[in-house]
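Novice: just coords:
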C-alpha cells in the first residue's frame, strides 16, 4: 500500500472515538504493582509483578497463560505461542524473536528477562511481551497498574470485506510504479480578540505541494504563503519599522518546506528554514525506529503493512494499539468503544447497498453532542474504486464538518469548524496522483547536517 493511501479516512474515525469514549467501572487502587487484562485485575500467587530498570516485569507463565498462550520453558529459553504467533525470549538477552507464517522478526528490547532469585520464577517485560501479540499496553501511574488490552478480542468477529476490497483495488492500481502527487492547500482562520488579547486575527494561508512516493518512502515539497501571519510572528508589530514588517511579510509569503521519509531506514527529515537557529541548516531529523518503539507501535509490522496488501483489520489493529492508556479505570472501556465505533463506521454489517454504492451512516448523541458520519463506497464491477466520507458534529454552539473523497487518482479533504464564533476555520486540501518513474529523494542534500529532534517519549510500563 503506497504511503499516500495509508489509513484513508481514519482521521475522522479517530476524532469520533475521542469524542465518544466513556467510563469504565472504577476499581480500587491496589497496593504495589497490579496488572489489568481486558478490564479485569490479574491475580498472582507465589510470584508478583516487579519493577526493575523503570520497567514492569511479570512472571511469564502467569501473564501469557492469562492471554491464552501456550508456554514452554527450556533452560533459559522461554516461548509463548498464540494464534499462529510464537514469541521466543532468552533469560539475560534483550533480543527476542517473533515467528508468524514462516517469517521470523527480531525484536530488540531495552531490558532483558531474568530469573528472580527468591521465587525462581522467570520474569519478562510486560510491554514487549504483550505487544508482541498485538496488545495495547498502558500504565496508570496513580494506581500503579499495567493495563493490557487484547486488541484482537476487541475486533471480534466483525468483517470488513468491503473495505478490504477497496484497499486491494488501490494496491493493484499503484503497486507497479511510484506515484507523483500535486496539490493545493487553502486555509482561512479567524481568532477573536478575546483569545489573542489584542485585535481580531483574520488570516488566510495558501500553498501548493508536490511529491513522489513509493511503497516505503516519500518526498513532499510545500510552498506556502503565510504573509497574513506576519503580525503574529512579530509578536509586537508596533515595535517594528514598516520596512522590517514588510521584510517579514515577504519572507512568510515564500516559505519552502520539505519532508523526506524512508521506512526502510527509519529516517524522517524535515526542512523548516524559518525554525533554524544560528548555525543550523534548517533541516531536522527524527529516528522513526525509536519513535515508533517508544510510542508502542511496531515498526516491523508497519513495514509489512506498507509493502503488502493490508486489510482493514490490520489498520484498525494498529490504530487501537496506538491509543495511549493512562487510566486503568477507563482504558479498557475507551478501547472497547473505539472498536465499536470502527465497526459501525466500516464493518460490512454497517453498509447498505443501492445500485453500485454501499453506504454506512453512523450517528451518536451523548453529553449534548450530536455526531453523524456517512461513508460511501462506489463499485465498478467487482472492485470498490472510491470512498467518500462526510462528517458533522455539533455541541453547545460549536460546529464541525468534514468531507473527504479518496481514490487511486485523487484525494480531497474539506474541513470547517466554528467554535462559538471565537474561532472559525475553513481548510481544503486537494491532491491528484499518477504513476511516475521518478524516485523520491530520501537522503539529506549534499553537505547538509540535520538537527536531531528528541520528542522525549518513553513507555512507562
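Specialist: Received it, and whenever you're ready, just let me know what you need. Bear in mind that the values here come from a model prediction, so they are computed numbers and not experimental data.

Novice: use CA for all of it now, contacts and neighbours both
Specialist: OK.

Novice: where do the helices sit along the stretch 201-350 of the chain?
Specialist: 230-234, 242-253, 288-295, 299-307, 312-322, 331-346 (DSSP state H, counting those that start in this stretch).

Novice: which stretch in these is the model least sure about?
Specialist: The stretch with the lowest mean pLDDT among the helices of the stretch 201-350 of the chain is helix 299-307, at a mean of 50.

Novice: Go through stretch 396-407 and flag the buried ones.
Specialist: Residues of stretch 396-407 classed as buried under the neighbour-count rule (16 or more other CA atoms under 10 Å) are 398, 399, 400, 401, 402, 403, 404, 405, 406, 407.

Novice: Which two among those are spaced furthest apart?
Specialist: Across the buried residues of stretch 396-407, no pair lies farther apart than 398 and 407, at 30.8 Å, counting by CA to CA.

Novice: Poorly predicted segments of this structure, please.
Specialist: Low-confidence segments of the chain (pLDDT under 70): 1-31, 232-238, 289-308, 454-461.

Novice: 80 instead?
Specialist: Scanning the chain for pLDDT under 80 picks out 1-31, 175, 196-199, 229-240, 274-275, 288-309, 454-461.

Novice: number of nearby residues for residue 54?
Specialist: 10 (other CA atoms under 10 Å).

Novice: Same question for residue 196.
Specialist: 11.

Novice: still on that earlier bit, reformat the buried residues of stretch 396-407 as JSON lines; add distance to residue 417 and secondary structure.
Specialist: Formatted as JSON lines, the buried residues of stretch 396-407 follow (distance: CA to CA, whole Å; DSSP: H, G, I helix; E, B strand; the rest coil):
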{"residue": "398", "distance to residue 417": "8", "secondary structure": "strand"}
{"residue": "399", "distance to residue 417": "6", "secondary structure": "strand"}
{"residue": "400", "distance to residue 417": "4", "secondary structure": "strand"}
{"residue": "401", "distance to residue 417": "6", "secondary structure": "strand"}
{"residue": "402", "distance to residue 417": "9", "secondary structure": "strand"}
{"residue": "403", "distance to residue 417": "12", "secondary structure": "strand"}
{"residue": "404", "distance to residue 417": "15", "secondary structure": "strand"}
{"residue": "405", "distance to residue 417": "19", "secondary structure": "strand"}
{"residue": "406", "distance to residue 417": "21", "secondary structure": "strand"}
{"residue": "407", "distance to residue 417": "25", "secondary structure": "strand"}
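
Novice: a markdown table for these, including distance to residue 240?
Specialist: As requested, these are exported to a markdown table (distance: CA to CA, whole Å):
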| residue | distance to residue 240 |
| --- | --- |
| 398 | 37 |
| 399 | 38 |
| 400 | 37 |
| 401 | 39 |
| 402 | 39 |
| 403 | 41 |
| 404 | 42 |
| 405 | 44 |
| 406 | 45 |
| 407 | 48 |
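
Novice: Quick one: the strands in the stretch 351-461 of the chain, in order.
Specialist: Using DSSP state E, counting those that start in this stretch, the strands of the stretch 351-461 of the chain run over 352-354, 357-366, 369-380, 383-395, 398-407, 410-419, 423-436, 451-452.

Novice: Measure how buried residue 418 is and give me the count.
Specialist: Neighbour tally, residue 418, other CA under 10 Å: 17.

Novice: likewise residue 145?
Specialist: Residue 145 is flanked by 25 other residues according to other CA under 10 Å.

Novice: check contacts around it.
Specialist: For residue 145, the contact set (CA atoms under 8 Å, 6 or more residues apart in numbering) comprises 33, 34, 35, 36, 139, 328.

Novice: Just the closest of those to residue 115, please.
Specialist: Once CA to CA is applied, the member of the contacts of residue 145 that ends up nearest residue 115 is residue 33, at 18.3 Å.

Novice: how much space between that closest one and residue 40?
Specialist: 14 Å (CA to CA, to the nearest Å).

Novice: Look at those two and report which has more neighbours.
Specialist: More crowded of residue 33 and residue 40, by other CA under 10 Å: residue 33, with 19 against 14.

Novice: what's the closest residue in space to the more buried one that isn't next to it in sequence sitting at in phi/psi?
Specialist: Excluding the flanking residues, the one nearest residue 33 by CA to CA, 6 or more residues apart in numbering is residue 144, at 5.2 Å. Taking degrees, to the nearest 10, you get phi 50, psi 50 for the backbone angles of residue 144.

Novice: How about residue 177?
Specialist: Per-residue torsions, residue 177: phi -160, psi 160 (degrees, to the nearest 10).

Novice: Contact partners for it?
Specialist: The contact partners of residue 177, taken as CA under 8 Å, 6+ apart, are 214, 435, 436, 437.

Novice: Please pick the buried ones from those residues.
Specialist: 214, 435.

Novice: and of the contacts of residue 177, the nearest to residue 422?
Specialist: Distance to residue 422, by CA to CA, is smallest for residue 214 among the contacts of residue 177, at 41.6 Å.

Novice: Surely the closest one touches residue 178?
Specialist: Yes - Residue 214 lies in contact with residue 178 (CA atoms under 8 Å); the separation is 4.8 Å.
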